[in-house]
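S.K.: I'd like to go over a predicted model; first the sequence, then the structure.
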Amino acid sequence: MNKPAQIFSILILSVSVSVSVFAGCGKQETTDTSTNETVPTTSETVVKEGTDQPAALQSLDEIKWNDVKDPLIEDAMITKLKAVIAAFVSKDLEQFHATLGPDVGTGHDYLFDHPVKFTGIAGAIKENNRTLIPVVGERLNNEEGYSPDIRYTFYFEKDKDGAWQIVSID
């Protein structure tokens, strides 16, 4: 086989392997021959169903809310914490923004990139006119170099009307 023919054969082999690999990485669906409808694969169905099931979401919020007995944590703060944790668990960015103070913005949206199972609330800390409430949990993805334990500190501050607002998350 001459040199150009060898190169051409290798090129065709490479392209066919690449096409096969990329085809395997795409969205896999099956076609039901009786109706010619595209049916999602089992793994896609499980993901869609899993996001709608409250039991699956509850497993990511294992905080025993009734056991939170800290003199620095008021009922209004617990209500806000429940709402913000529910937004994390359901990955509802709109609900998340609604739980934060009006001046917070979108600076904490990156937290949604790190799934967490919330397990408890540590002791609150008073800092000037703020109350800091640490919420502890476990990372659900194993990123190299990171501990599975995680702690988000929610900064609460009263607004001009005296209502508690989450003004920051650290």
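M.R.: All right, it came through fine.

S.K.: can you count the residues close to the closest residue to residue 132 other than its chain neighbours?
M.R.: Leaving out its chain neighbours, the residue that sits closest to residue 132 by C-beta to C-beta, 6 or more residues apart in numbering is residue 125, at 4.5 Å. From N, CA and C alone the C-beta is placed, and that goes for glycine too. Neighbour count of residue 125, defined by other C-beta atoms under 10 Å: 13.

S.K.: mind pulling up the phi and psi values for residue 125?
M.R.: phi -130, psi 140 (degrees, to the nearest 10).

S.K.: show me the contacts for it.
M.R.: 72, 131, 132, 134 (C-beta atoms under 8 Å, 6 or more residues apart in numbering).

S.K.: Save those as JSON lines, and put in secondary structure and distance to residue 152 too.
M.R.: As requested, those are exported to JSON lines (DSSP: H, G, I helix; E, B strand; the rest coil; distance: C-beta to C-beta, whole Å):
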{"residue": "72", "secondary structure": "coil", "distance to residue 152": "17"}
{"residue": "131", "secondary structure": "strand", "distance to residue 152": "15"}
{"residue": "132", "secondary structure": "strand", "distance to residue 152": "11"}
{"residue": "134", "secondary structure": "strand", "distance to residue 152": "7"}
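
S.K.: where along this structure do the helices fall?
M.R.: 3-25, 42-52, 54-58, 75-90, 93-99 (DSSP state H).

S.K.: Mind telling me which of those helices the model trusts least?
M.R.: Note on the helices of the chain: helix 42-52 shows the lowest mean pLDDT, a mean of 34.

S.K.: if we can go back for a sec, can you pull the pLDDT of the residue nearest to residue 132?
M.R.: Predicted confidence (pLDDT) for residue 125: 96.
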